[in-house]
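sequence first, then the predicted structure:
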4 protein chains.
Amino acid sequence: MSTPDTAVAMVLESFGEPLVPKEFPVPDVEPGALLAQVTAAGICGSDLDISGGEDPRIKLPLIIGHEGVGKVIETGGEKRDMFGALLQPGDKIVWHRGVTCGRCYYCAVKRNASLCMYRKVYGITLPCDEPPHFNGCYAQVLYVRPESEIIKLPDDVDEAILVSATCSGATAAHAMELADVQIGDTVLVIGPGPLGSYAAAFAMERGCRQVIMFGTKYDIERMKLAEQFGCKTINIHEVNQQERKEMLLEMTDGIGPDIVIDAAGTPRTVPEAIEMAARGGTVSIVGVAVPQGETPVAMYESIALKNLRIQGVWVSDARHMYQAVQLALSGKYPFDQLVTHRFPLEQANEALATLERREGMKAVLEP
Amino acid sequence: MSTPDTAVAMVLESFGEPLVPKEFPVPDVEPGALLAQVTAAGICGSDLDISGGEDPRIKLPLIIGHEGVGKVIETGGEKRDMFGALLQPGDKIVWHRGVTCGRCYYCAVKRNASLCMYRKVYGITLPCDEPPHFNGCYAQVLYVRPESEIIKLPDDVDEAILVSATCSGATAAHAMELADVQIGDTVLVIGPGPLGSYAAAFAMERGCRQVIMFGTKYDIERMKLAEQFGCKTINIHEVNQQERKEMLLEMTDGIGPDIVIDAAGTPRTVPEAIEMAARGGTVSIVGVAVPQGETPVAMYESIALKNLRIQGVWVSDARHMYQAVQLALSGKYPFDQLVTHRFPLEQANEALATLERREGMKAVLEP
Amino acid sequence: MSTPDTAVAMVLESFGEPLVPKEFPVPDVEPGALLAQVTAAGICGSDLDISGGEDPRIKLPLIIGHEGVGKVIETGGEKRDMFGALLQPGDKIVWHRGVTCGRCYYCAVKRNASLCMYRKVYGITLPCDEPPHFNGCYAQVLYVRPESEIIKLPDDVDEAILVSATCSGATAAHAMELADVQIGDTVLVIGPGPLGSYAAAFAMERGCRQVIMFGTKYDIERMKLAEQFGCKTINIHEVNQQERKEMLLEMTDGIGPDIVIDAAGTPRTVPEAIEMAARGGTVSIVGVAVPQGETPVAMYESIALKNLRIQGVWVSDARHMYQAVQLALSGKYPFDQLVTHRFPLEQANEALATLERREGMKAVLEP
Amino acid sequence: MSTPDTAVAMVLESFGEPLVPKEFPVPDVEPGALLAQVTAAGICGSDLDISGGEDPRIKLPLIIGHEGVGKVIETGGEKRDMFGALLQPGDKIVWHRGVTCGRCYYCAVKRNASLCMYRKVYGITLPCDEPPHFNGCYAQVLYVRPESEIIKLPDDVDEAILVSATCSGATAAHAMELADVQIGDTVLVIGPGPLGSYAAAFAMERGCRQVIMFGTKYDIERMKLAEQFGCKTINIHEVNQQERKEMLLEMTDGIGPDIVIDAAGTPRTVPEAIEMAARGGTVSIVGVAVPQGETPVAMYESIALKNLRIQGVWVSDARHMYQAVQLALSGKYPFDQLVTHRFPLEQANEALATLERREGMKAVLEP
């Protein structure tokens, strides 16, 4: 693909209204930046919140889409990936969805770019009314800024499989880094969606003794997939909480799960996560993506007496994306089966509707 | 002191009643154990809970007192301290208050003896009706079991100064280990008692940029001592919560405290600790020593979005005692000023009453 | 099996001479100890050094054998495993080969029982001339001391498969703990024996991107097994060192292996391990089991400029044994294929000879 | 100071020749960059290697000087420091000497910017023949690039005191991060220069029990200063190596120093550092700044059997600079006494000569 003069994007102009196809001029590429053809854009659960107007960070008009994989169209001068590989037109690449400064207290001193003071996100915090316009992945092209970390991909990769690695996968990697699974630990994951699937795979990759996945009666297909990932599964609509607790104790020689990853993040799951965790364990609050009021926590019985850690996890950085991409590329887990729906760009509204109806696991746009 | 035939202890026979002096036969010393003369026994806040019957672990009759320092009277065969130093009659020693198995999952696999499945504590979980009787420190002697970790002390040490190291100091060391203060961090400590004082000193010893201590109008003397420890202090009865928050931001270039140690552990302080902590920070729940109902926590705004860690801290192990003893011996902080009252053994009831009236900082029995 | 009056062991009476079968009285079982029927005893490479007189720690007469798995015959009172499971006659168990004090500076403060000041090892540092005699695993029974950490095993396990977990596996777990493999790292293992096989499996369990195994022309069968473990393999007799280095760079986007585990530990492999490691990487010195003179190291070019870590690894502790046992039980790796020879107890000399001739991978006695 | 049209720098035109004063045009300031008046520039030991032609990285002509502190003259648009503080002309600032990309594998995945694939250093790897010319600190002004991390300083700080924080201090912080001093550890520092002084102070800030400093008969003044920092000192010309070892064991209850920081980094000190370190300890190779051949290491006796870690340390990143600056600003240590000589810019050659004659501790240019 040579650099086009214009390209099409699906634009959110009013909250709660369908996305509208619009054509924008393709910008010149400044030094260090690159123009990418978007070949796969993931439909993420938070895209529904964004289009519905529930995310306070959004300014319209916006090209939604923070999960993207693509091909180099043009680079602003010599441009290399993270490993120093020279990028050429046609190369498949993945970029980090967060654009961070690299120089502030959080980036440079705390080495935690997820908290960068100036963090921007493609498809979320960068509106499209001004050049370079192409700031989101529901579009034919994305303008990848000089600050973005990039990994060159093998030529034969199916890009659709990697879109989850750029968001759910990276966030799961962050959760895992902060949860610090030790070899021989038992990990409980609550919520068998893309985030939970990545969390389960990472837990196995950290040498855990077993991963147990909690799901609901609405997750029958997802639970089957979790089993293919290697999880033991428990349907919470089939066994009550007391029984579940006993099953966990039975499976762990009486200890309980050392780590609980709450990838659902609801007011119902957080207290259960805290209840189920072993003494000395960690509860990872990684699935809480929207305000949901307050959860009562018994600081003596649940936290102090159990020597428990509750660890909030906010987004992810380029290190986590690298880890998720490596995991997806490893072929050790059936990540290809996460992708249940594929749509062309112009059917973005239909793709969002699919997600809203909770059909399948993951829908991907292939612009 | 040669081994006596009998010795006196102050015994709790009925909850809520004064301790009663009683004489017990001194037991033979089995191999690996030792008999110690108790030369200083700390009066700990939890001793009030114990004597009042609020601690469900207690079986009567009990010799209270888990904070102790003393001298070797007799050893069961050749006996050495942690460093291999041979212990002789007359040597000053400190022992670990928790008696742990060293072999269970928590001790051996998790290396977290604070959670030992079989943990016992002198003065708390070992009643005195059966031999060896001398299981608590409000007594002339203590029977130190073979499993107890022991450190030989310099001859010239004032034992009273070290009693806090065996409980508050060790617990603060545990909190600090789990809080992982980085060089340049700001640490906020809430509650200027012995636990908070040790936490502040340890925070300074971990290279923090500054320690800020929150206290109340009832803590005027304690706050002065905190300043001698090197803390900046804020009296919460003089500035309201919003003002306090702004002061903290002002003192930290807008970041907030990286670590908050809640050494008070009340339903009022825990939410403030969470509110004050910086993004990416840690709140240490170390002062919550009794059940206190549930604290509401906003999982999205306070935990996920802030990437916050809440870390429960339960008791401590021998490593922490070693660290607290070294700190107290270093002479870098005025720990001697923590000890505000000294009583002979037979005035144990008066010592407890002093604590109940919140007089001074720390009372010590010198049997 | 009920407690016998006497039992047979293969005894080393003179260095360099064959082991001699001898009968000893079975001792009474003190409280906390247990008597185990040895059902599988591993022949370890160091057993050759021991019988040949090259290990300065040995006092004769000695029952060799530090790798053991067995069944409970009798316990000294109520006895539980690490998880609190009550042990009954007939239960399959594995015990930790090192007997450590749990209370010294290394055990209690450094939490590194591998360095225990009083560490003893079954089959190595405990001669058999005095009761309880049964201090090594080349015997019908082992007297398992009260200090020994124990894990109860599933009834259906093949004990022979677990013997390597108690020594090579645990030591590999220790190496991995100190090497701290991050998700996405590349790991190079040098030496495809039992230690290297466990190291490779643990590296995969720590989420590494790939494990590359170096072996020699004498390791053809072992390299095939390494491939079954999931390793990429390079025969150093087929490609020279410069070529190997280029292959590694090619496989790692120009970075080199983040972690190099030298499981061979020879004067030839250590310098290569240092040479191959990536900048910022770690070289694990875990296979150096005997004195071998001095290795020249360029402190500027190889250590400072590369920001390299060289990490010595000495033996292992009960945590590591737990991790290795869990790994072996997981069924994720073909550890059963490590066991290439099985002998009855009375053929212990033949088993040692097999090892000396470098036949197969691992020989096991089944007394 | 308003932006001048030209400014003067001391330029290295030929190796081994004196620096020559030269005037260059002051460049325009691009967005994100800033122009700083250099108010203090440290003379570092490596500046001698550079001017002597021993550093292979150097291309001439070069403005030497990588340690700098200064004042803002002009910013390229709105410019903020690490904490988001707006920078105004006249503000005192310190910048990081290394200019790193923030996006490569080492920066973004390994979070180790010291190893950045594209790292440049003011005063070392950036020649001055092309604009912006002002790439080193032996000059009236420095052109601070957009990538440079910046900390705004208090108005009343003496800049000369901070120059060491930007190089020796930051490198010591890096060593300390990788050495991971635990509370209660003993630290031995070899070499009482600026690097060793910072290492000693950081060790105390990590809660070590004691810092012992080894120096020579040429370090009498430096050793006195080390004592003011709180170190115990041993003059190696007064006690031989065996005696030194015994003294260390005596001071550490028989354990030896847990951490040894070799801040001298000579072929004589490295083997002694390895010899002195406790079992399970760490030897930090931080002072080895030039090639020095190979050091023989006994891999069995010194590394494996001791479970020892040898940790190379290469330069430092912005986190470390922050930590060193905080330490210097804390006022807890007499860092002001490190600065023994101050020269105007035009006496740069004399300043270098002072260092060459090993006079004093630290010379600073005040342009």
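Happy to help now that I have it.

could you use CA atoms for every contact and neighbour count after this?
Fine.

need the contact list for whatever residue of the stretch 1-150 of chain A ends up closest to chain B.
Closest residue of the stretch 1-150 of chain A to chain B, Cα to the nearest Cα: residue A:115 (7.4 Å). By Cα atoms under 8 Å, 6 or more residues apart in numbering or on different chains, the residues touching residue A:115 are A:106-107, A:314, B:279-280.

can I get those residues in a markdown table with secondary structure, distance to chain D and pLDDT?
Formatted as a markdown table, these follow (DSSP: H, G, I helix; E, B strand; the rest coil; distance: Cα to the nearest Cα, whole Å; pLDDT from 0 to 100):
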| residue | secondary structure | distance to chain D | pLDDT |
| --- | --- | --- | --- |
| A:106 | helix | 8 | 98 |
| A:107 | helix | 9 | 98 |
| A:314 | coil | 17 | 97 |
| B:279 | coil | 13 | 98 |
| B:280 | coil | 15 | 98 |
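
and the end-to-end length of stretch A:185-205?
12 Å (Cα to Cα, to the nearest Å).

with only the CA atoms kept, save the helix or strand containing residue A:188 in PDB.
If you go by DSSP states H and E, residue A:188 is part of strand A:186-190. What follows is strand A:186-190, C-alpha atoms only, in PDB (Å, rounded to 0.1, in the frame of the first residue of the first chain):
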ATOM      1  CA  THR A 186      -2.400 -21.700  42.900                       C
ATOM      2  CA  VAL A 187      -4.100 -19.000  41.000                       C
ATOM      3  CA  LEU A 188      -7.800 -18.300  40.900                       C
ATOM      4  CA  VAL A 189      -9.100 -16.100  38.000                       C
ATOM      5  CA  ILE A 190     -12.600 -14.700  38.100                       C
END
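
count of residues packed around residue A:157?
11 (other Cα atoms under 10 Å in any protein chain shown).

and the gap between it and chain B?
33 Å (Cα to the nearest Cα, to the nearest Å).

sec struct for that residue, please.
At residue A:157, secondary structure determined by DSSP: H, G, I helix; E, B strand; the rest coil is coil.

thinking again about what came up before, what does the strand holding residue A:188 contact?
A:181, A:196, A:199-200, A:203, A:208-215, A:252, A:256-264, A:269, A:273.

near chain B at all, the helix or strand just after that strand?
Following strand A:186-190 in sequence order, the next helix or strand is helix A:194-205 (DSSP H and E). No. Figure legend: helix A:194-205 not in contact with chain B (Cα under 8 Å from any Cα of the partner chain); closest approach 14.9 Å.

strand A:186-190 and helix A:194-205, what's the angle between them?
Angle, helix A:194-205 to strand A:186-190, by axes from the mean of the first three to the mean of the last three Cα atoms, to 10 degrees: 170 degrees.

helix A:194-205 vs chain C: in contact?
Yes. Applying Cα under 8 Å from any Cα, one finds helix A:194-205 touching chain C at A:202, A:204-205.

which is the next helix or strand following that helix?
Note on helix A:194-205: by DSSP H and E, the next helix or strand toward the C-terminus is strand A:210-215.

give the buried residues for the helix or strand following that next one.
Downstream of strand A:210-215, the first helix or strand assigned by DSSP H and E is helix A:220-228. For helix A:220-228, burial by neighbour count (16 or more other Cα atoms under 10 Å in any protein chain shown) applies to A:222-223, A:225-226.

any idea which of the residues you listed is closest to chain C?
residue A:226 (17.1 Å).

which SS state does residue A:88 fall under?
coil.

pretty sure it is in contact with residue A:72, am I right?
Yes. When contacts are counted by Cα atoms under 8 Å, residue A:88 is listed as touching residue A:72 (6.6 Å).

distance of the nearest residue to residue A:227 once chain neighbours are set aside relative to residue A:191?
Once flanking residues are discounted, residue A:227 sits nearest to residue A:233: 6.8 Å by Cα to Cα, 6 or more residues apart in numbering or on different chains. To residue A:191, residue A:233 is 11 Å away according to Cα to Cα.

joint contacts of the two?
A:213-215.

is stretch A:139-154 anywhere near chain D?
Yes. Stretch A:139-154 is in contact with chain D by Cα under 8 Å from any Cα, via A:147-149.

let me have those in a markdown table, extended by neighbour count and secondary structure.
Listed next are the residues of stretch A:139-154 next to chain D as a markdown table, based on neighbours: other Cα atoms under 10 Å in any protein chain shown; DSSP: H, G, I helix; E, B strand; the rest coil:
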| residue | neighbour count | secondary structure |
| --- | --- | --- |
| A:147 | 17 | coil |
| A:148 | 23 | coil |
| A:149 | 28 | coil |
